[in-house]
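Q: Sequence first, predicted coordinates after that:
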Amino acid sequence: MQQPLPFLKGHGTENDFVIIPDPDGKLDLSARDVARLCDRRAGIGGDGLLRVVRAAAHPEARAMADEAEWFMDYRNSDGSVAEMCGNGVRVFARCLERFGLAEAGDLAIATRAGVRRAHLAKSGTGDAQDGDGGVTVSMGRAELPEDGVTVRVGERAWAARHVSMGNPHAVAFVEDLAHAGSLLEAPVVEPAAAYPDGTNVEFVVDRGPRHVALRVHERGSGETRSCGTGACAVMVAAARRDGADPVADGQPVTYTVDVPGGRLVITERADGEIEMTGPAVIVAEGTVDPEWLDGQEA
């Protein structure tokens, strides 16, 4: 790499990302490059990396180019590829606005889990929580496989709900969020065959009617301050536990989901579509020294 690499740094409910603009898909960022950029001590630091690429320029997104101009190439902080990131979609949408590639209003974003549609409020119109205008994202429909799964942390074990939001989740309702432990290591999920590529694990407590709080261990990133797809999975699991099924009932249902980094509002519509609303904030802009990135030890 010969030229300085531009980047933005942003977060959605403190789930933070390094954002790399690469409209023509010319960058070849290896897993090692991504892991170093996301390193919180030796790099920029982030729970993951968002590469901004035209859908027509990326082999995984070309089939979606007629629906969405831009593709969110999302990587976990360890460099591994992920299907989807709900907080990341909101931050990605805000970045398109920042780069002058989109305006406030409605837009479509291609992801490995399919096209997601976002609505951007104008920057500066948000409340004190987000400070940068809210973003609502249509997250698609949840899938609830019938697999019975169990989550274990130390001596404790809980029956969990398997929910897919384009990426996998195991949702466990617990008495106290402290029961999740340090989450430095991934919780044990059994049977392992239910999640051949690993899974995100959410621990959930009730805060009030249609109001829950969670902690999450994200696959490939560890415990994070927020997980958008996880909040959606939790909302659906909580609704089914509480006897609500909008597709069957014909009535939408909304839950408030508190995450360590803030608050998200999740609605499941009568057609099964999940909508997530929350903040998306850009906090920094700069360039990466190409000699630093190229000078990594093998």
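A: Ah, there it is. Numbering: from 1, shown residues only.
Q: Residue 173 - how many residues pack around it?
A: For residue 173, the neighbour count with other C-beta atoms under 10 Å is 19. C-beta coordinates here come from the backbone N, C-alpha and C atoms, glycine included.
Q: Pull the number of nearby residues for the residue nearest to it when sequence neighbours are not counted.
A: Counting by C-beta to C-beta, 6 or more residues apart in numbering, the nearest residue to residue 173 once its immediate chain neighbours are dropped is residue 204, at 5.0 Å. Applying other C-beta under 10 Å, we find 28 other residues in the vicinity of residue 204.
Q: Surely residue 204 is within a strand?
A: Yes. Membership of residue 204 in a strand is supported by DSSP: H, G, I helix; E, B strand; the rest coil.
Q: Would you agree it is in contact with residue 212?
A: Yes. Residue 204 lies in contact with residue 212 (C-beta atoms under 8 Å); the separation is 5.3 Å.
Q: shared neighbours, the two?
A: Common neighbours of residue 204 and residue 212, counting by C-beta atoms under 8 Å, 6 or more residues apart in numbering, are 234, 238.
Q: for the residue nearest to residue 173, what are its contacts?
A: When contacts are taken as C-beta under 8 Å, 6+ apart, residue 204 is in contact with 171, 172, 173, 174, 212, 213, 214, 234, 237, 238.
Q: Could you pull out the helices in the stretch 101-250 of the chain for me?
A: According to DSSP state H, counting those that start in this stretch, the stretch 101-250 of the chain carries its helices in the segments 228-241, 246-249.
Q: ok, the residue nearest to residue 271 when sequence neighbours are not counted - how many residues close by?
A: What sits nearest to residue 271 in space, not counting adjacent residues and going by C-beta to C-beta, 6+ apart, is residue 247, at 7.1 Å. Applying the criterion other C-beta under 10 Å, we find 13 residues in the vicinity of residue 247.
Q: hang on, the earlier thing: got a pLDDT number for the residue nearest to residue 173?
A: Per-residue pLDDT puts residue 204 at 98.
Q: so what's it bridging to?
A: Residues found in beta-bridge contact with residue 204 (criterion: DSSP bridges) are residue 173, residue 214.
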